[in-house]
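Undergrad: Predicted model follows, preceded by the sequence.
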Amino acid sequence: MTQIANINPKHGRAGRQPTKAALKPFKDNADPGLFGRMFDLPAFAPSEASLHALADAMRDAQPNNPTGDNPSVPSGFTYLGQFVDHDITLDLTSLAEKQEDPHATTNFRTPRLDLDSVYGLGPDGSPQLYARNPNNVSQPSPKLLLGKTAATPRAAGDLPNDLTRNSQGRALIGDHRNDENLLVAQTHLAFLKFHNKVVDRLAGGANPPAPDKLFSEARKQVTWHYQWMVLHDFVERITEQGIVAKILHEGRKFYRFQKVPYMPVEFSAAAYRLGHSMVREAYSHNRVFTPGGRTPATLKLEFAFSGLSGIILGQDAATLPASPGVPPNVATLPTDWIIDWSRFYEFDPPIAPTPNFLFNHSRKIDPFLIPQLHDLPGGGGSLPFRNLQRGVNLGLPSGQDVAQAMGIPALTPAEIATGTDGAVAAAHGFDKKTPLWYYILKEAAVKKGGQRLGPLGARIVAEVFVGLVAGDSQSYLSDPNWKPTLPAKTPGTFLMSDLLRFVGDISPIDNVTTG
């Protein structure tokens, strides 16, 4: 028998299972694994046929046309956003349970920006994630394990630039989803290296922590810089400059709770799915896998070179059948697939370009998704339809109702009806009542030219992220005087480009380092 746990933040409706029945008024409960509602609004439940029509209209007809690129958001942030999502949410509901009750999903990830996806349960609870202590080999050290790549004719050396893997190619990391594609895997790797660099910096400092305090001090420093970077670099890049300070000063108006943050379905099932529209059809991954190199790094290849959904199979690589349409199985990530970060983030001062250099901007935040996301592998179907149907299953309100509740002028029917997608939306009445996820993407396109979220989407995303950090008694906001202290282009700040420059391995196969 499923037990429903309920709590009562000042605004919201939350429960253990994010279903229409479970998302009801609640009382205080210390359980952090809860979904909830920000708004007490009627559900919007259009027909399945109309959702299919709208989803089909959301296909990007020119996925490689540079006019669809977003010059304000480098592509690295698409996968940083995925990494962050895995840090704050985790669905462990089995496939059988989902088929029996597609509404039932439980958030087992703590809704905090605490990098538990990297650290697991720490050296004592998750020793498989940590290197052995050289002074006591039976004990873990404060440093995280790194895996090695395999040299190829196009890139020499077995370099420490992959996730650590078991004998079957499965990544040994705190969240298995961070090995579902190579771009998020290399992002996870950057955070492993970031932690290890901080350990080295603290241990070699003028006043190093005691050995038994070194890990906890490094984790705190890494996590606080990460939290600051997520709020001020990532969130403000996709919403608006200054919105974090504004919310911290004025208070959160819509995402509110008494003690423990919850995960709002308006955020997880609508606003934060903006990243799906930012995905590119192909990437310039490094000098080898890029237009002008061996071949462009298509999204399919980025998924192929992973251990969760791809061809990295460890000792079984030679014995298991190869998947159709992708390269043959490999035991280890090839060295020529190590990422060149200068193609995914902008550095100041700039990094000298490597051969075949081409910078990757994300695609615009708008209602159009690349064709590959309309036909997911393994019979996964259409991602936009799944997102739209998920909104119905969870009883999400229409975009117009949310706008009214927030006191934000709603998009007009004429604005919704713009473009080829809008014509289909209007034909099904969505110009007057619009699915929330589509509404947020359309608002970004109409109000911000696809470069940022519009006012409704921006406020939901920014308030939730600020609330998740503010609701964590151990976050950097617990110290009102704290500012980032690690090296950065602008002292007192810390961007993702500062993190990568601090780590130093910008393009290992080209010997480009800032260390």
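TA: Great, that's in hand. Numbering: from 1, shown residues only.
Undergrad: Can you point out the buried residues in stretch 209-220?
TA: Using 16 or more other CB atoms under 10 Å as the test for burial, stretch 209-220 gives 209, 214-215, 217-219. C-beta coordinates here come from the backbone N, C-alpha and C atoms, glycine included.
Undergrad: Check stretch 381-391 too.
TA: Quick answer for stretch 381-391 (16+ other CB under 10 Å): 382-385, 387-391.
Undergrad: ok, so of the residues you listed, who is nearest Phe305?
TA: Proximity to Phe305 was ranked across the buried residues of stretch 381-391 by CB to CB; first place goes to Leu383, at 20.8 Å.
Undergrad: Surely Val222 is in a helix?
TA: Yes: according to DSSP: H, G, I helix; E, B strand; the rest coil, the state of Val222 is that of a helix.
Undergrad: what sits against it?
TA: Contacts of Val222 were listed using CB atoms under 8 Å, 6 or more residues apart in numbering, and they are 115, 191, 194-195, 198.
Undergrad: Could I get the full set of strands for the stretch 151-300 of the chain?
TA: 263-264, 282-283, 297-298 (DSSP state E, counting those that start in this stretch).
Undergrad: do you know which of these lies nearest Val461?
TA: Nearest to Val461, of all those, is strand 263-264, at 10.5 Å by CB to CB.
Undergrad: Off-centre distance for the closest one?
TA: Between the centre of strand 263-264 and the centre of its host chain there is 15 Å, according to CA atoms, centre = their mean, to the nearest Å.
Undergrad: where's Arg501 relative to Thr514, distance?
TA: To Thr514, Arg501 is 5 Å away according to CB to CB, to the nearest Å.
Undergrad: quick revisit: quick one, which of the strands of the stretch 151-300 of the chain gets closest to Thr152.
TA: Each of the strands of the stretch 151-300 of the chain was scored for nearness to Thr152 using CB to CB, and the closest is strand 297-298 (14.9 Å).
Undergrad: what packs against the closest one?
TA: strand 282-283 (3 or more CB pairs under 8 Å, 6 or more residues apart in numbering; DSSP states H and E).
Undergrad: and the strand it packs on, how far out from the chain's middle?
TA: Using CA atoms, centre = their mean, the offset of strand 282-283 from its chain centre is 18 Å.
Undergrad: quick one: average pLDDT of that strand?
TA: Averaging pLDDT along strand 282-283 gives 98.
Undergrad: next one: stretch 39-53
TA: Stretch 39-53 carries an average pLDDT of 97.
Undergrad: Also stretch 308-325?
TA: Computed over stretch 308-325, the mean pLDDT rounds to 92.
Undergrad: Can you give me the end-to-end span of that stretch?
TA: Start-to-end span of stretch 308-325 (CA to CA, to the nearest Å) is 17 Å.
Undergrad: Check what contacts that stretch and list those residues.
TA: Contacts for stretch 308-325 (CB under 8 Å, 6+ apart): 165-171, 176-177, 179-182, 300, 303-307, 326-333, 377.
Undergrad: for it, the distance to its chain's centre please.
TA: 26 Å.
Undergrad: buried sites along it?
TA: So for stretch 308-325, counting by 16+ other CB under 10 Å, buried means 308, 310-314, 317.
Undergrad: and what of stretch 490-497?
TA: Quick answer for stretch 490-497 (16+ other CB under 10 Å): 494-497.
Undergrad: In its sheet, which strands sit next to the longest strand seen in the chain, and in what direction?
TA: The longest strand of the chain (DSSP state E) is strand 136-144. Sheet pairing of strand 136-144 (DSSP bridges) gives strand 130-133 (antiparallel).
Undergrad: export the strand it pairs with as PDB, just CAs?
TA: Presented in PDB, the C-alpha positions along strand 130-133 are these (Å, rounded to 0.1, in the frame of the first residue of the first chain):
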ATOM      1  CA  TYR A 130      37.100   7.800  -4.300                       C
ATOM      2  CA  ALA A 131      40.700   7.000  -4.800                       C
ATOM      3  CA  ARG A 132      42.600   5.000  -2.100                       C
ATOM      4  CA  ASN A 133      44.500   6.900   0.500                       C
END
